[in-house]
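Student: fold the following.
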Amino acid sequence: MTPEAVFHAIGTAGWQTHVLDTGEAAIWDGADWRAEAVTLTPSGAAMSLKSYEFDLPITAGSSVATPVVIPARAIIFGVTGRVTDTITATATAWDLGVAGDTGRFGTGLGVSLNSWVSGPAAPIVYWSPSALEITAQGGVFAGGALRLIVHYAELSLPDPV
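Tutor: Okay, here's the model as predicted:
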C-alpha cells in the first residue's frame with residue numbers, strides 16, 4: 001500500500017508532514033495534501049512558506065537582472081545565497097536588491113568563492129512579479145555565478161462554495 005493510500009484510508013484533516021526531497025511542508029485537508037501549506041482553515045484558506053532556489057550566471061556589465069523570481073502578491077522575508085563561482089570583475093563588491101532599491105537585501109557583498117548573502121528584510125509585499133538585481137560596486141562584472149534563494153509567504157483563498 002502506498003503512503004498516499006494509507007493517508008487516504010486513515011488520514012485526519014489537519015495532519016502535517018514535511019517532504020524531505022523537496023523541503024516542503026504539507027497539510028492533509030481530509031481529501032488531499034496541500035503542498036507547502038503551514039496553516040489551513042476549515043474553509044481551505046492557507047498560508048504557504050516557500051524558498052525558491054536558483055543559480056545565476058554573472059555576465060559582463062555593471063548589473064545583472066534575474067528572470068522574474070518573486071511572484072505577484074508574495075510576502076518577501078529576505079534573500080540568501082552564496083557565490084558558487086568566483087565573481088571576476090573590476091568591481092570590489094556587489095549589491096543585491098530590486099528595481100528602485102538595489103541594496104534591499106545586501107550591500108558590499110564579497111566576490112570570492114563561498115562569499116555569502118543573508119539579506120533579511122522587513123516583510124514586504126510585491127504586488128507584481130519582480131526580478132532581483134545584482135549591481136557591481138566600483139567597477140563592472142566579467143563573470144562568475146551565484147546561488148540565490150528567495151524566502152517568502154503566499155496566501156491562498158478559501159475553497160469555492
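Student: which ones are touching Ala131?
Tutor: 65-70, 98-99 (Cβ atoms under 8 Å, 6 or more residues apart in numbering). Every C-beta, even on glycine, is put in place using the N, C-alpha and C of the backbone.
Student: can you pull the buried residues of stretch 142-161?
Tutor: Neighbour counts over stretch 142-161 (16 or more other Cβ atoms under 10 Å) mark 144, 146, 148, 150-154, 156 as buried.
Student: now, which of the residues you listed sits nearest Arg34?
Tutor: Closest approach to Arg34 among the buried residues of stretch 142-161 (Cβ to Cβ): Ser156, at 8.2 Å.
Student: quick one on the thing from earlier: among the buried residues of stretch 142-161, which pair sits farthest apart?
Tutor: Checking the buried residues of stretch 142-161 with Cβ to Cβ, the most distant pair is Gly144 and Ser156, at 37.4 Å.
Student: state the next helix or strand along the chain beyond the helix or strand of the chain with the lowest mean pLDDT.
Tutor: Least confident element among the helices and strands of the chain, by mean pLDDT, DSSP states H and E: helix 3-10 (a mean of 52). Moving toward the C-terminus from helix 3-10, the next helix or strand (DSSP states H and E) is strand 16-19.
Student: go through that following strand and flag the buried ones.
Tutor: Buried positions in strand 16-19, judged by neighbour count with 16+ other Cβ under 10 Å: none.
Student: just how off-centre is it within its chain?
Tutor: 19 Å (Cα atoms, centre = their mean, to the nearest Å).
Student: restrict it to CA atoms and write it as CSV.
Tutor: The C-alpha trace of strand 16-19 is given here as CSV (Å, rounded to 0.1, in the frame of the first residue of the first chain):
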residue,chain,number,x,y,z
GLN,A,16,1.0,17.8,8.8
THR,A,17,4.2,16.4,7.2
HIS,A,18,7.5,17.5,5.8
VAL,A,19,8.5,16.3,2.4
